[in-house]
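A.B. asks: fold the following.
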Amino acid sequence: MFKNLFGKKDNTEKELEITSPLNGEYIQLEDIPDPVFAEKMMGEGFGVKPSDGEVVAPVSGTVMQVFPTNHAVGLRTANGLEVLIHIGLETVAMKGEGFTGHVSEGDSVEKGDPLVTFDMELVKSEANSTISPVIITNSDMLDEFKVEDVTNLNRADTVVVTATVK
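C.D. replies: Take a look at the predicted model:
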């Protein structure tokens, strides 16, 4: 009782909407042609088959990690969820060619802020797939993970997932 009266109140929202970081087509996580993602080894999530090469923040938060090759960016939200945006499959082998990063580790971003641009045609020709996973890497924090009924995705506008933390 006294904890509620005198304890520090946590105003962090437990529910979070995750929008698509790319324009394109929704891909169910289990349908991503890479077992690391499809079998949820890295966590819950979804995929996007992109229609262009612009990646934006699907949530507001802090940039935790930008891979040196700019093919992946990790964000942490105010409620602690860690969201990884991985552009294409096996794109690390491209050694950064065709990828331009627009953020650095420690940057604060708002939903819709540019993260990375990439050469779609180069990724199509060099990588295993353009399908881009969006993963909650600390899925153990999730109380609920609800995928919306979506097909065509508009970056920063289409809500793909509603996640609730424990």
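A.B. asks: quick one: the helices in the chain?
C.D. replies: Using DSSP state H, the helices of the chain run over residues 2-6, 35-38, 120-126.
A.B. asks: what sits up against the shortest one?
C.D. replies: In this structure, residues lying in contact with helix 35-38 by Cβ atoms under 8 Å, 6 or more residues apart in numbering are 29, 30, 31, 32, 41, 42, 45, 47, 86, 89, 133, 135. All C-beta spots, glycine's among them, are computed from the backbone N, C-alpha and C.
A.B. asks: next step: the residues you listed restricted to strands.
C.D. replies: 45, 47, 86, 133, 135 (DSSP state E).
A.B. asks: among those residues, which one has the most neighbours?
C.D. replies: When neighbours are counted by other Cβ atoms under 10 Å, residue 47 leads those with 28 neighbours.
A.B. asks: and that residue, how far from residue 104?
C.D. replies: 26 Å (Cβ to Cβ, to the nearest Å).
A.B. asks: before we move on, what about residue 20?
C.D. replies: Distance, residue 20 to residue 104, using Cβ to Cβ: 23 Å.
A.B. asks: so where is this structure shaky, pLDDT-wise?
C.D. replies: 1-11 (pLDDT under 70).
A.B. asks: can you give me the strands in it?
C.D. replies: Counting by DSSP E, the chain has strands at residues 15-19, 24-27, 44-50, 54-56, 61-66, 72-76, 82-86, 99-101, 108-109, 114-118, 132-136, 142-147, 152-153, 159-165.
A.B. asks: how far away from the center of its chain is the second one?
C.D. replies: Spelled out, that is strand 24-27. 13 Å (Cα atoms, centre = their mean, to the nearest Å).
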